[in-house]
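Novice: give me coordinates for this.
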Amino acid sequence: MRIHFIAIGGSAMHNLALALHHKGYVVTGSDDVIFEPSKSRLAKQGILPSEFGWFPDKIDTSLDAIILGMHAKPDNPELIKAKKLDLKIFSYPEFLYEQSKNKTRVVIGGSHGKTTITSMILHVMNYHGKAVDYMVGAQLEGFDRMVHLTDENDFIVLEGDEYLSSPIDRRPKFHLYKPNIALLSGIAWDHVNVFPTFENYLEQFKIFVDSIVKGGSITYNEEDLNVKSIVEASTNSIRKLPYSTPDFFVENGQTFLNTEEGPMPLNIFGRHNLNNLAGAKWICQNMGVDEEDFYEAISSFKGASKRLEKIGQNENTIIFKDYAHSPSKVAATAKAVKEQFPDRKLIACLELHTYSSLNAEFLKEYRGSLKEADVSAVFYIPESLKIKGLDEITKEQIEQAFQQQELHIFTNSTAFKEFLFNQDVTNSIVLFMSSGDYGGLDLNEIVNMIEIN
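Specialist: The predicted model follows:
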């Protein structure tokens, strides 16, 4: 098959392009800008566009399909040409469904935890040599790509994102997968640019549960009251399998899971991650892995990239980075670190980077999210508000929203770096939480500074 990607450079899109190239498809693509690591990874496989921009001449009737990325705009000249030629145009999730119509589709949904749960499942399957297709939102140790597609594998494991499918398809991605086996981890309002009210956001998860194939199953976190309410109210003819946080304890900075065979040490920590583990165990059992084999495999799971990832350590200090940016994720991540290391000072740094986090009305959702921190800092770039078309927010608004004593607020990376360099990090944890990069801050420089001291 000949497939052309409009906006090939995105994290998800370039991984799908690599997966189809690996499968033997002829892959081409266009984009107006491509950053690393997408650029190098596409170049290595010979499918990096020779020049940036949009070129309608690339679109002709020899193409079997177009895959349209969210980065493209509805008036994209290549998209207009494709429509004129009446070519098949798929969004990213539509194409994944087309590739998996004859497989058992396992879809992991939720406002938080879905990347980690998907990663846990794939780690267990890989550990036991069980081949599955997959799409996950983070790079995993031992996996070349974030997307893998075959004709022969029976299962496909999909991370079910609730964000929009494409510029011309405003349905959430996870509405299109029609799972046989599903999981719902938690619901906390996000993406306010698309779902302006919490009720509207909740509705998307109701639709997801109702989209499960009849006779299928939903594994759900019964500790989340929104999840519990939606699943238990659904009239869909599916099995409903609740899960909750398993029994565990922390001793000398090590988390142990209590099992029938006795305490089992883990590489991950935090109540939210233990809750994720319980959900992953149920899904793996539905995929034919028994409890004992699950525990054997999960003990070596070190986490997904940027999910409480340890990036530096000496005898005095440990540095973590985490993708947390929504209020619930920030609160859960900070609490996890404090519970794991109760005798250490926690220096928590959060970047307000997403549309939701920079929304003046949404800011109040962050109240108390950094309460576990001994030192807390918030970073944002005022220019980002103009780019996103948002109203200006002030330091005073942020202080009022967070309700945090001695909250340090920064709007440029130089001042933020000086603040970090001046911190006493003896017996401390430094936690960076962001889906951005703090205005281009080099975290390796921070790590080197701490490891030298």
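
Novice: look at Arg307 and report its pLDDT.
Specialist: Each residue has a pLDDT score; the one for Arg307 is 83.

Novice: from Ala324, how far off is it?
Specialist: When distance is defined by CB to CB, to the nearest Å, Arg307 is 9 Å away from Ala324. C-betas here are computed from N, CA, C, even on glycine.

Novice: so between these two, which is more surrounded?
Specialist: When neighbours are counted by other CB atoms under 10 Å, Arg307 and Ala324 differ, and Ala324 comes out ahead with 27 against 23.

Novice: surely that one meets Gly436?
Specialist: No - distance between Ala324 and Gly436: 12.0 Å, which falls outside the contact criterion (CB atoms under 8 Å).

Novice: tell me the pLDDT of Met146.
Specialist: You'll see Met146 listed with a pLDDT of 92.

Novice: what about it, neighbour count?
Specialist: Applying other CB under 10 Å, I find that Met146 has 23 neighbouring residues.

Novice: which ones are touching it?
Specialist: In this structure, Met146 makes contact with 11-12, 15, 135-140, judged by CB atoms under 8 Å, 6 or more residues apart in numbering.

Novice: for the helix ranked longest in the chain, buried residues please.
Specialist: Here the longest helix in the chain is taken by residue count, with DSSP state H as the criterion, and it is helix 271-286. Within helix 271-286, the residues scored as buried using 16 or more other CB atoms under 10 Å are 271-284, 286.

Novice: quick one, phi psi at Glu162?
Specialist: Here is the backbone geometry of Glu162 (degrees, to the nearest 10): phi -90, psi 0.

Novice: might one say that it is in contact with His191?
Specialist: Yes - in this structure, Glu162 sits in contact with His191. The criterion is CB under 8 Å, and the distance is 7.0 Å.

Novice: can you check which residues contact both of the two?
Specialist: Residues touching both Glu162 and His191 (CB under 8 Å, 6+ apart) are Tyr201.

Novice: neighbours of the closest residue in space to Trp189 that isn't next to it in sequence, how many?
Specialist: Taking CB to CB, 6 or more residues apart in numbering, and ignoring the residues beside it in sequence, Trp189 has Phe198 as its nearest neighbour in space, at 4.6 Å. In terms of burial, Phe198 registers 15 neighbours under the definition other CB under 10 Å.

Novice: I'd say Ile3 and Lys58 touch.
Specialist: No - checked against CB under 8 Å, the pair Ile3 and Lys58 is beyond contact range at 11.9 Å.

Novice: the two: which has the busier surroundings?
Specialist: Looking at Ile3 and Lys58 with other CB under 10 Å, you find the greater number of neighbours at Ile3, namely 22 against 16.

Novice: in a strand, that's where that one is, yeah?
Specialist: Yes - with DSSP: H, G, I helix; E, B strand; the rest coil as the criterion, Ile3 is located in a strand.

Novice: what sits against it?
Specialist: Taking CB under 8 Å, 6+ apart, we find Ile3 in contact with 17, 20, 25-28, 63-67.

Novice: what does Phe90 give?
Specialist: So, once contact is read as CB under 8 Å, 6+ apart, Phe90 ends up touching 65-68, 98.

Novice: can you name the residues bridging to it?
Specialist: In this structure, Phe90 has beta-bridge partners Ile67, where bridges are defined by DSSP bridges.

Novice: can you give me the strands in the stretch 151-300 of the chain?
Specialist: 155-160, 164-166, 169-172, 181-184, 217-221, 239-243, 248-251, 254-259, 262-265 (DSSP state E, counting those that start in this stretch).

Novice: out of the contacts of Ile3, which comes closest to Asn314?
Specialist: Top of the list for closeness to Asn314, among these and by CB to CB, is Ala17 at 40.3 Å.

Novice: I'd say that closest one and Val27 touch.
Specialist: Yes - using CB under 8 Å, Ala17 and Val27 qualify as a contacting pair, with a distance of 5.2 Å.

Novice: Arg171 touches Ser165, doesn't it?
Specialist: Yes - shown here, Arg171 and Ser165 form a contact pair, counting by CB under 8 Å, at 5.3 Å.
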